[in-house]
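K.L.:
sharing a model prediction with you, sequence too.
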Amino acid sequence: MHGRQSKGGAAASPIKLAVKDLRISYGKAVALQGVNLEIHEHEIFGIIGPANAGKTSFLKALNRMDVFNTGMRVDGEIRFNGLDTRHLKNVYALRSRIGVVFPLPVGLPMTVYDNVALSPRWRGITNKAELDVIVQRCLTRAALWDEVKDRLGALGSLLSGGQQQRLTIARALSQEPDLLMLDEFSIAVDPVTTMRIEDVLKELRQEVTIILVTNLVQQARRLADRTAFFLNGECVEIGVTEDLFTGEVKDKRTRDYVEGRFG
């Protein structure tokens, strides 16, 4: 197995996700093509780039969300934990290992408690004491427990936007995923909450692999071990994040983007 050095100089980690010759299209329009990359266990892997670069399409392909879009075609190879995801028959089992947090908080029309307990119940956990432990653990990991522990029976939709986004993270964590994907999580979140969630992600990297799609290049710089730059449906460059900001980049477009000359 290939490995990598984390920001803290940790030992090399095995490959969690490998993408080879990925191409994504919608009818005749090509959203992404020629993508080859590897993401390692317990890595925060950043993806930056302007709108319509193919970032969200990439995430959709990883956990087979393309099945919801009849016009979306995915070609190439995606291996998750060594398994070719494009040929897995049990798509739901795959998605249970990959948690997703979307740009806008998606609070299910149920209580705070039930939002987090939903996935464990689907897995067959019905014991109240066991569910209580899971709900508290996930809300704590999402830095939300102290704010909602006295109103677990309230509707999740009544929480503030920042709280709802952290509830979405807690719900994703309740799946016990191997991989957590976040797509522009801070679009609808205030700066203070954004920093709190960033602190959560730094802690979570000890337990899960994280893919962070962000239009905030400084957020990628703060969090990501390595970062990929997507532009016009192409993965232009992948490198150690700090090197993309301070070192030699392979493509001038990368430097122009991270320095704010376009985007």
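P.N.:
Nice, I can see it.

K.L.:
go through the worst-scoring helix or strand of the chain on mean pLDDT and flag the buried ones.
P.N.:
Least confident element among the helices and strands of the chain, by mean pLDDT, DSSP states H and E: helix 91-97 (a mean of 86). Using 16 or more other CB atoms under 10 Å as the test for burial, helix 91-97 gives 94-97. Yep, even glycine has a C-beta here, placed from its N, CA and C like the rest.

K.L.:
for stretch 189-198, same thing?
P.N.:
Neighbour-count burial for stretch 189-198 [16+ other CB under 10 Å]: 189, 193-194, 196-197.

K.L.:
may I have that stretch exported as CSV, CA atoms only?
P.N.:
Provided in CSV are the C-alpha atoms of stretch 189-198 (Å, rounded to 0.1, in the frame of the first residue of the first chain):
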residue,chain,number,x,y,z
VAL,A,189,-23.1,29.1,8.3
ASP,A,190,-21.8,32.1,10.2
PRO,A,191,-18.0,32.5,10.6
VAL,A,192,-18.0,31.5,14.3
THR,A,193,-19.9,28.3,13.6
THR,A,194,-17.6,27.6,10.6
MET,A,195,-14.6,27.7,12.8
ARG,A,196,-16.3,25.4,15.3
ILE,A,197,-17.0,22.9,12.6
GLU,A,198,-13.5,23.1,11.3
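
K.L.:
give me the mean pLDDT for that stretch.
P.N.:
The predicted model assigns stretch 189-198 a mean pLDDT of 88.

K.L.:
sorry, back to before: nearest to residue 111 among the buried residues of helix 91-97?
P.N.:
residue 96 (22.1 Å; CB to CB).

K.L.:
ok, for that closest one, nearest residue in space, not its chain neighbours?
P.N.:
Spatially, and ignoring its direct neighbours in sequence, residue 96 is nearest to residue 175 (5.5 Å; CB to CB, 6 or more residues apart in numbering).

K.L.:
on the three-state scheme, that neighbour is what?
P.N.:
Recorded secondary structure, residue 175: coil (DSSP: H, G, I helix; E, B strand; the rest coil).

K.L.:
how close does it get to residue 25?
P.N.:
Remark: distance between residue 175 and residue 25 (CB to CB, to the nearest Å) = 29 Å.

K.L.:
more neighbours: which of those two?
P.N.:
residue 175 (20 against 17; other CB atoms under 10 Å).

K.L.:
do a quick rundown of the helices in the stretch 101-250 of the chain.
P.N.:
Listed in chain order, the helices of the stretch 101-250 of the chain (DSSP state H, counting those that start in this stretch) span 112-122, 128-141, 145-148, 161-173, 191-204, 217-223, 241-246.

K.L.:
most neighbours per residue, which of those helices?
P.N.:
helix 161-173 (a mean of 24; mean count of other CB atoms under 10 Å).

K.L.:
related to what we said a few turns ago, residues making contact with the least confident helix or strand of the chain?
P.N.:
63-64, 67, 80-81, 85, 88, 119, 123, 175, 177-179 (CB atoms under 8 Å, 6 or more residues apart in numbering).

K.L.:
for ChimeraX, write the selection for the buried entries among the residues you listed.
P.N.:
Here is the ChimeraX command that selects the buried residues among these (16+ other CB under 10 Å):
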select :63,64,80,85,119,175,177,178,179
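
K.L.:
okay, the contacts of helix 91-97 in TSV with distance to residue 229 and pLDDT next?
P.N.:
Formatted as TSV, the contacts of helix 91-97 follow (distance: CB to CB, whole Å; pLDDT from 0 to 100):
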residue	distance to residue 229	pLDDT
63	22	88
64	25	89
67	28	77
80	23	94
81	26	92
85	24	91
88	29	86
119	33	92
123	37	90
175	29	91
177	25	93
178	25	92
179	21	95
